[in-house]
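*Asks:* Fold the following.
(chains A and B)
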Number of protein chains: 2
Amino acid sequence: MKRKTADYKQMGKQRSGIYLLVILVFGIASCVSTKPHSSGNLIIKQQGAFSAGGTVVKSEGEFDALKPWNVQQGGQTRHGDHADVFYQIPENAKRYSMVFLHGYGQSRRSWQTTADGREGFADIFLRKGYGVYLVDQPGRGDAGQTTKPGQITATPDDQTWFTQFRIGLYPSFNEGVQFPKDEKSLDQFYRMMTPNTGNVDESTIVNAMSAVFDRTGDGILFTHSAGGSPGWKTAIQNSRVKAIVAIEPGGFTFPEGEVPEGNRGGKGVPLNEFLKLTKIPIVIYYGDYIPKEETNAASLNFWRNVLATARQWAKVVNAHGGDATIVHLPEIGIRGNTHFIMSDLNNGQIADQLSKWLQQKGLDK
Amino acid sequence: MKRKTADYKQMGKQRSGIYLLVILVFGIASCVSTKPHSSGNLIIKQQGAFSAGGTVVKSEGEFDALKPWNVQQGGQTRHGDHADVFYQIPENAKRYSMVFLHGYGQSRRSWQTTADGREGFADIFLRKGYGVYLVDQPGRGDAGQTTKPGQITATPDDQTWFTQFRIGLYPSFNEGVQFPKDEKSLDQFYRMMTPNTGNVDESTIVNAMSAVFDRTGDGILFTHSAGGSPGWKTAIQNSRVKAIVAIEPGGFTFPEGEVPEGNRGGKGVPLNEFLKLTKIPIVIYYGDYIPKEETNAASLNFWRNVLATARQWAKVVNAHGGDATIVHLPEIGIRGNTHFIMSDLNNGQIADQLSKWLQQKGLDK
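*Replies:* So this is what the prediction gives:
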């Protein structure tokens, strides 16, 4: 691997006033080894891409087609705030498709591959016969066109995420962590991050996700992390969501009057809306390294709080007649998982565990 | 289709001072019909995603893993400026893979599908047996993580692109245009646009593209529009580029001392670098509606200028012993093509035409 210290550069105009050490690492990707993939060809009946949902804004004025670059003259539209979807349908697909929504700072790539280049959940379940729809949410990745302006600071924060995602307390890896420790994999992992391109609120994401389900038909919604919260609301909004698999959701939707104290419960919704979440099977996974007691590490306390809220939420769902299951992996003997359970080294084992749940709930027909 | 005028909103803080009419069009995607795809299953031996190339910046300071959210404390890296690549390798793949680089404001979706949901060039050539690598360039789409800040204004400019891309002089469609005229297709087309997420210069794109070829091995580089210019330089930088198919390139790389007057010739490069472009077969396609004489339409004059520069460039390449061919489609009787030749209604015909060239040059083994 070629690394070269190239330049000290003062980012003087940034508020932060930080100094940046620019390290050029061209060519890292060329060193990434091709890991063995699951054997056998993928048989794809149909694949493609589309946008779903979104808004249109129009500027006042009159567009002059003879001088098309005078955008300040107005009279133009901007289509934005949609979801961008890549889909693959296998031969003899199962009844329910799977729709995958990424978390904060991520794109559909969360589901497509892993830090060390193995198959992600999308390919694993495609091989099991499910149609897969991989979403970039409004204002993220290939769905970058938004109708509200955005500013991207480019502040270095890789170590924030290494730590927040429970790979370890940087620079230490958690003991027994199911994450590849080689530099190339970590480089690929950091490069999965991609910023928000504009201001997008939760209802914009929910509307776009609901439009995705209008297109896919009945399906199983997978959410990761920050995708959890708009995921619950998508299921409330669109009855085509027939089940939810939530990987480490960070937020929850309680009924009004039953929102627990603390900052992860969100804003309550009317009971009749909440009750829609009691009509579908829901499974929620959390990984390892979530402490039972308060610690001196802010990230671990964050996840301790989230898991407690998740347990409380499942209790409320089930008290209202629902079917929500929390799987805290260490409790069933599966250890070492980070926040990225679906791409950790043991993601095949996790997929098998999940497949049993899908079968129990009749979702694998 | 549900359209609702929801709000007038003053974008008072924007320099433009334009007023925006916000039109909500949730649910458009749900109306997009599923067009018939090419028949037969796709047999995929391997598919996945990876990042290639890029840089790393580091902030001064000391990272505290116990308080990971204090990013202003510094001591962190940011990995950015890489290309993001999705790839699919068919069974019994041909010797050369195809690497696809999009144009300005676009992502890999340019090659994946069409405005009306048919198969794009990627699927068409995948079916013909080529491995395909679909790139989001640094600062675009899923490769949104850059090391320099970015600002996105969200100024409405759909009609600028409709016109610049020679679909017509908005609101008129060009006569006989090979572009679907229904509202749903146009909605999908506008939503393919996605902005730059940070300041990325051409050399950053070239370095990332070269890293892509380090990973793919020998291959054929496809470029569209603004991808043309970094495309020539990628071939100069990396001898694994064995041929170039350029769809309506907007810029060219001449040898120093031979750069033509006008603004499309770019900056000259040393002759020994330029000569690398004479060692590989190159074909360049332009579509319809490019006038012979100066007109009162700025966009058409722009393309007239580009096509003239392209012809001059091919002449220089061939005078130095190269093999560059310009195919101006109307000259071979193929009419109605926009700037998006690879996704126009006749993209199957274009692919067949291109296949003959690939065969002539021995690139289809």
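
*Asks:* Going by C-alpha atoms from here, please, whenever you check contacts or count neighbours.
*Replies:* OK.

*Asks:* Work out the gap between the biggest helix by length in chain A and the centre of the chain.
*Replies:* Taking DSSP state H as the criterion, chain A has its longest helix at helix A:298-319. Here helix A:298-319 shows a centroid-to-chain-centroid distance of 18 Å under the convention CA atoms, centre = their mean, to the nearest Å.

*Asks:* what residues does that helix touch?
*Replies:* A:163-164, A:166, A:250-254, A:258, A:260, A:264-265, A:275, A:277-278, A:286, A:289-295, A:323-326, B:66-68 (CA atoms under 8 Å, 6 or more residues apart in numbering or on different chains).

*Asks:* Show me which of those are buried.
*Replies:* Using 16 or more other CA atoms under 10 Å in any protein chain shown as the burial test, the contacts of helix A:298-319 include A:163-164, A:166, A:250-254, A:264-265, A:275, A:277-278, A:286, A:289-290, A:323-326, B:66-68 as buried.

*Asks:* Tell me which of those fall in strands.
*Replies:* Among the buried ones among the contacts of helix A:298-319, the members found in strands (DSSP state E) are A:286, A:323-326.

*Asks:* Among these, which one lies nearest to chain B?
*Replies:* The shortest approach to chain B among those belongs to A:Y286, at 20.4 Å (CA to the nearest CA).

*Asks:* any idea how far A:R166 is from the closest one?
*Replies:* 11 Å (CA to CA, to the nearest Å).

*Asks:* so what sits against both of those two?
*Replies:* Joint contacts of A:Y286 and A:R166 (CA under 8 Å, 6+ apart) are A:H339.

*Asks:* What residue, apart from its backbone neighbours, is nearest the most centrally placed residue in chain A spatially?
*Replies:* For chain A, A:H102 is the residue whose C-alpha lies nearest the centre (CA atoms, centre = their mean; 1.6 Å). Nearest non-adjacent residue to A:H102, counting by CA to CA, 6 or more residues apart in numbering or on different chains: A:H224, 5.2 Å away.

*Asks:* my guess is A:K242 meets A:D218, correct?
*Replies:* Yes: using CA atoms under 8 Å, A:K242 makes contact with A:D218 at a distance of 6.3 Å.

*Asks:* sorry, back to before: where does the residue nearest to A:H102 fall, phi/psi-wise?
*Replies:* When quoted as degrees, to the nearest 10, the phi and psi of A:H224 stand at phi -130, psi 130.

*Asks:* So is the helix or strand where A:Q151 lies next to chain B?
*Replies:* Using DSSP states H and E, A:Q151 maps to strand A:150-152. Yes: Strand A:150-152 reaches chain B (CA under 8 Å from any CA of the partner chain) through A:150-152.

*Asks:* Of the ones in strands among the buried ones among the contacts of helix A:298-319, which pair is most distant in space?
*Replies:* The widest separation within those, taken as CA to CA, falls between A:Y286 and A:D323 and amounts to 17.3 Å.

*Asks:* separation between the spatially most distant residue from the centre of chain A and B:H339?
*Replies:* The C-alpha centroid of chain A is most remote from A:L66, which lies 43.4 Å away (CA atoms, centre = their mean). Here the criterion is CA to CA. By it, A:L66 lies 17 Å from B:H339.

*Asks:* A:A154 now?
*Replies:* Remark: distance between A:A154 and B:H339 (CA to CA) = 33 Å.

*Asks:* out of the two, which sits in the more crowded spot?
*Replies:* Taking neighbours as other CA atoms under 10 Å in any protein chain shown, A:A154 and B:H339 compare with B:H339 leading, 24 against 20.

*Asks:* Skipping adjacent residues, who's closest to the more buried one in space?
*Replies:* Nearest to B:H339 is B:F165, by CA to CA, 6+ apart, at 4.9 Å.

*Asks:* ok, how many other residues are close to that neighbour?
*Replies:* B:F165 has 18 nearby residues by other CA under 10 Å.

*Asks:* again with the one 5 residues further on
*Replies:* Applying other CA under 10 Å, we find 20 residues neighbouring B:Y170.

*Asks:* who are the neighbours in contact with it?
*Replies:* A:65, B:159, B:162-163.

*Asks:* looking at it, A:F179 is touching A:T338, isn't it?
*Replies:* Yes: counting by CA under 8 Å, A:F179 touches A:T338, with 7.5 Å between them.

*Asks:* any shared contact partners between those two?
*Replies:* A:167, A:344.

*Asks:* between those two, who's got more neighbours?
*Replies:* Each of A:F179 and A:T338 has its neighbours counted (other CA under 10 Å); A:T338 has more, 27 against 24.

*Asks:* right, is the helix or strand hosting A:Y133 up against chain B?
*Replies:* A:Y133 is part of strand A:132-136 when elements are defined by DSSP H and E. No: Strand A:132-136 stays clear of chain B (CA under 8 Å from any CA), getting no nearer than 8.5 Å.

*Asks:* what pairs with that strand, and is each one parallel or antiparallel?
*Replies:* strand A:83-90 (antiparallel), strand A:97-101 (parallel) (DSSP bridges).

*Asks:* Would you format those as JSON lines with mean pLDDT included?
*Replies:* Below are the strands paired with strand A:132-136 laid out as JSON lines (pLDDT from 0 to 100):
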{"stretch": "strand A:83-90", "mean pLDDT": "98"}
{"stretch": "strand A:97-101", "mean pLDDT": "98"}
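
*Asks:* A:P230: which of those is closest?
*Replies:* Closest to A:P230 of the strands paired with strand A:132-136, according to CA to CA: strand A:97-101, at 9.4 Å.

*Asks:* Convert the closest one to PDB, retaining C-alpha atoms only.
*Replies:* Output of strand A:97-101 as PDB, limited to C-alpha atoms (Å, rounded to 0.1, in the frame of the first residue of the first chain):
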ATOM      1  CA  SER A  97     -39.800  -8.300  -1.700                       C
ATOM      2  CA  MET A  98     -37.300  -6.700   0.700                       C
ATOM      3  CA  VAL A  99     -36.800  -3.000   0.800                       C
ATOM      4  CA  PHE A 100     -33.600  -1.800   2.500                       C
ATOM      5  CA  LEU A 101     -33.200   1.700   4.100                       C
END
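
*Asks:* ok, back up a step: I'd like to know how far the residue farthest from the centre of chain A sits from chain B.
*Replies:* In this view, A:L66 and chain B are 4 Å apart by CA to the nearest CA, to the nearest Å.

*Asks:* Contact partners for that residue?
*Replies:* By CA under 8 Å, 6+ apart, A:L66 lies in contact with B:169, B:296-299.

*Asks:* How about A:R78?
*Replies:* Taking CA under 8 Å, 6+ apart as the test, what A:R78 contacts is A:56-58, A:147, B:154-158, B:190.

*Asks:* can I assume A:Q47 sits in a strand?
*Replies:* Yes: per DSSP: H, G, I helix; E, B strand; the rest coil, A:Q47 lies within a strand segment.

*Asks:* residues touching the nearest residue to it once chain neighbours are set aside, list them.
*Replies:* Once flanking residues are discounted, A:Q47 sits nearest to A:Q88: 4.3 Å by CA to CA, 6+ apart. Residues counted as contacts of A:Q88 (CA under 8 Å, 6+ apart) are A:44-48, A:126, A:131-133.

*Asks:* same thing but at 7 Å, please
*Replies:* Contacts of A:Q88 were listed using CA atoms under 7 Å, 6 or more residues apart in numbering or on different chains, and they are A:44, A:46-48, A:131-133.

*Asks:* distance of the residue found closest to A:D157 once you drop the neighbours it is linked to in the chain from B:K67?
*Replies:* Excluding its sequence neighbours, the residue lying closest to A:D157 (CA to CA, 6+ apart) is B:Q76, at 5.6 Å. Separation of B:Q76 from B:K67 (CA to CA) stands at 13 Å.

*Asks:* what secondary structure does A:E175 sit in?
*Replies:* coil.

*Asks:* Find me the pLDDT at it, would you?
*Replies:* Taken from the predicted model, the pLDDT recorded for A:E175 is 98.

*Asks:* Tell me how many other residues surround the nearest residue to A:T163 once chain neighbours are set aside.
*Replies:* Spatial nearest neighbour of A:T163, excluding adjacent residues (CA to CA, 6+ apart): A:L169 at 5.0 Å. A:L169 has 22 neighbouring residues, counting by other CA under 10 Å.
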